[in-house]
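>>> Requesting a structural model of the entry that follows:
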Amino acid sequence: MSYDLLFALAIFAFVSSVTPGPNNLMLLASGVNFGFRRSIPHMFGIGIGFSLMLVLVGFGLGELFRAYPPLFTALKYAGGAYMLYLAWKIARSERIASGDSTAMPMTFLQAAEFQWVNPKAWVMSIGAMATYTMPASFAFSVFIVAVVFALVCFPSIGVWTLFGSALRQWLSQPRYLRMFNWTMASLLVLSLWPIIAP
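Below is the predicted model:
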């Protein structure tokens, strides 16, 4: 892979990872409600789960969905339903969790599994594999795309978690926290637009 293509891939990975989407909105909410440290497994789940998704899409899962569109449609709507459930959970969070709280942030596995029902993750992975892989060294380029995304993803999503964590003090008042959580839940619902748009 040429340096020019690698640079373009890194820019694409950064822009698509740092812009608002379901993952970043949930990390922002997690940073507020649980703090940065307790949100680390959530961040790793996103980074590693999405990298694995990239590899599997690169090696044929995207072709399977193109061959059987109803399978992809079913996955999209299942993902939409799950995102509505997550939005409801965020909206109903009434207080900031302390270290010994029974409230739990998303786990590593939950965050990794979420990538498979995240519309933005599908668009990113299919777009990256269609644009930045090279037929002459296809397997190698698939892994390069996955590695670049993994390296760029962690600092990009970490910014959202840090921002949320920085807001904890200001949102310690229940009224502000409720407003914030309902706003995040509403934005998460709005991020479903790629599913319902024609």
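>>> Flag every buried residue along the longest helix along the chain.
Selection of the longest helix in the chain by residue count, based on DSSP state H, yields helix 22-56. Buried residues in helix 22-56, counted by 16 or more other CB atoms under 10 Å: 22-36, 38-51, 53-56. C-beta: built from backbone N, CA, C; applies to glycine.
>>> name the helices or strands packed onto it?
If contacts are counted by 3 or more CB pairs under 8 Å, 6 or more residues apart in numbering; DSSP states H and E, helix 22-56 sits against helix 69-92, helix 108-114, helix 119-132, helix 138-166, helix 174-190.
>>> repeat that with 6 Å
Secondary-structure packing of helix 22-56 (3 or more CB pairs under 6 Å, 6 or more residues apart in numbering; DSSP states H and E): helix 108-114, helix 119-132, helix 138-166, helix 174-190.
>>> tell me the angle of it relative to helix 119-132?
40 degrees (axes from the mean of the first three to the mean of the last three CA atoms, to 10 degrees).
>>> ok, now which ones touch the residue nearest the centre of the chain?
Nearest to the geometric centre of the chain sits N23, at 2.9 Å (CA atoms, centre = their mean). Contacts of N23 were listed using CB atoms under 6 Å, 6 or more residues apart in numbering, and they are I46.
>>> circling back: the longest helix of the chain to helix 174-190, inter-axis angle?
Using the same axes, to 10 degrees: helix 22-56 against helix 174-190 is 40 degrees.
>>> G47 reaches C153, doesn't it?
Yes: here G47 reaches C153: they are 4.6 Å apart, a contact under CB atoms under 6 Å.
>>> need the contact list for A81.
Contacts of A81 (CB under 6 Å, 6+ apart): none.
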